[in-house]
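Colleague: Output the structure for:
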Amino acid sequence: MKKIKKGILFITLASLVTTFSMSMRPVNAIDYLGIAQSVAWQIAKKASSAFFNRKPTIKKGPNYITSGTGSLKFNTDIGASVKVNINLGKSRLEVDAFAQTDFLNWLDKIAVTLTAPNNGKDVINRSVTHNQHSYYKSASPYGIYNLRFTDTDKCKWDCYYTLVDYAKSASRSVDMYQNIYNTEGLEINSVYNASNQKSYILPTKDLSSKPFSLSKESISLSAGELNNQFYDENRKVFVNALRDYDVDDKILFSDIISDIQYNKEDNYTLFSFDTDDSTIHWPFAGNLTTQYKKGDTLKLKLKVVEEYRYDNNVFENLDYCLNGMKLQEKNEYPNINDYLK
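Modeller: The predicted structure follows:
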């Protein structure tokens, strides 16, 4: 009995020493970036309240780590949300959350929420577009925060967050060159615009393919072909630069309407165009369902315009998309007559 009691006493004392030593461990000694690297994303199952784990894509720098979901088709292959826990156990940590989708789907937005420990308040709660960022600098209460991306529509998204530890380095660039990452974790140079909290990815210097054998203005592009004009094959990501067109060039668009729906509440008609791996959604003002139907071919005349400029870098867009984003801020939508061929 004495030996057993001594053993129990020894174990108890050892446990106390271990617990005491852990409680005395400096908070700054915890590797928060290392913790983030090992945390899986939780992906909602389609037509279910359950989630499954997905290993993150990871890119680690000197004072940050970027974790991503990879490409996901919301409400098609998965459910409506993805989430991940982030340990914000001290001050001088910052979360940067953002998502990427097909370039032409300017109407699509995804809800981003970052919730404090123990189902506390939301410190981030907003809807964002392609490459638009949401930030939170750690503050009391410290602990495990939950980051969630939610989209109730059918849309393809790559969701990311970057965790920055300023104790390792105090630098953080604003409205200047930064790095973000594609689905495969490849580091991509970008320019951050603080006014709209959006990153503009720097394209490969020579995006141009073989020259057109005909005048560019005589060639019609489908939604998929036009979307691919913004895709940088080298960087494996969408960029604000067209492969074969420049600012002020005209583009003829022509594609079959795969679906058409009128949104009475917001008074716009949503035209859908199928591509090889996704669907492009374009809204126009008013009820146009008596003028157009599924299976019709929609022909538009678009123009390449400048969206943003930094140093010698010009970031391009289409006049329809850029005007649409500006109008939507006033709950208005483009007039289709402005773009008819």
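
Colleague: Show me which strand runs longest in this protein.
Modeller: strand 297-310 (DSSP state E).

Colleague: Which strands or helices does it pack on?
Modeller: strand 187-193, strand 198-201, strand 250-256, strand 313-318, helix 319-328 (3 or more CB pairs under 8 Å, 6 or more residues apart in numbering; DSSP states H and E). For glycine as for every other residue, the C-beta is placed from the backbone atoms N, C-alpha and C.

Colleague: What residues sit buried inside the longest one?
Modeller: Buried residues in helix 319-328, counting neighbours by 16 or more other CB atoms under 10 Å, are found at 319-325, 327-328.

Colleague: Would you mark the buried spots in the longest strand of the chain?
Modeller: Those buried within strand 297-310 under the rule 16+ other CB under 10 Å are 298, 300, 302-305, 307-308.

Colleague: Indicate which one of the helices and strands packed on strand 297-310 is closest to V239.
Modeller: strand 198-201 (4.6 Å; CB to CB).

Colleague: what's in contact with the closest one?
Modeller: 98, 129, 131-133, 178, 180, 188-193, 232, 235, 237-240, 307-308, 310, 313, 315 (CB atoms under 8 Å, 6 or more residues apart in numbering).

Colleague: Take the residues you listed and, keeping just the buried ones, write it as a PyMOL select command.
Modeller: In PyMOL syntax, the buried subset of those is picked out as below (16+ other CB under 10 Å):
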select buried, resi 98+129+131+132+133+178+180+188+190+191+192+193+232+235+237+238+239+240+307+308+315
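
Colleague: Could you list every helix and strand in contact with whichever helix or strand I35 is part of?
Modeller: Remark: I35 resides in helix 32-38, with elements defined by DSSP states H and E. Contact partners of helix 32-38 among helices and strands, from 3+ CB pairs under 8 Å, 6+ apart: strand 57-60, strand 64-74, strand 81-88, strand 155-165.

Colleague: what about 6 Å?
Modeller: strand 64-74, strand 155-165 (3 or more CB pairs under 6 Å, 6 or more residues apart in numbering; DSSP states H and E).

Colleague: Mind listing what's buried along stretch 235-252?
Modeller: So for stretch 235-252, counting by 16+ other CB under 10 Å, buried means 235, 237-245, 251-252.

Colleague: can you redo those residues as JSON lines with distance to V84?
Modeller: What follows is the buried residues of stretch 235-252, written out as JSON lines (distance: CB to CB, whole Å):
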{"residue": "R235", "distance to V84": "24"}
{"residue": "V237", "distance to V84": "21"}
{"residue": "F238", "distance to V84": "23"}
{"residue": "V239", "distance to V84": "26"}
{"residue": "N240", "distance to V84": "28"}
{"residue": "A241", "distance to V84": "31"}
{"residue": "L242", "distance to V84": "34"}
{"residue": "R243", "distance to V84": "34"}
{"residue": "D244", "distance to V84": "38"}
{"residue": "Y245", "distance to V84": "38"}
{"residue": "I251", "distance to V84": "39"}
{"residue": "L252", "distance to V84": "43"}
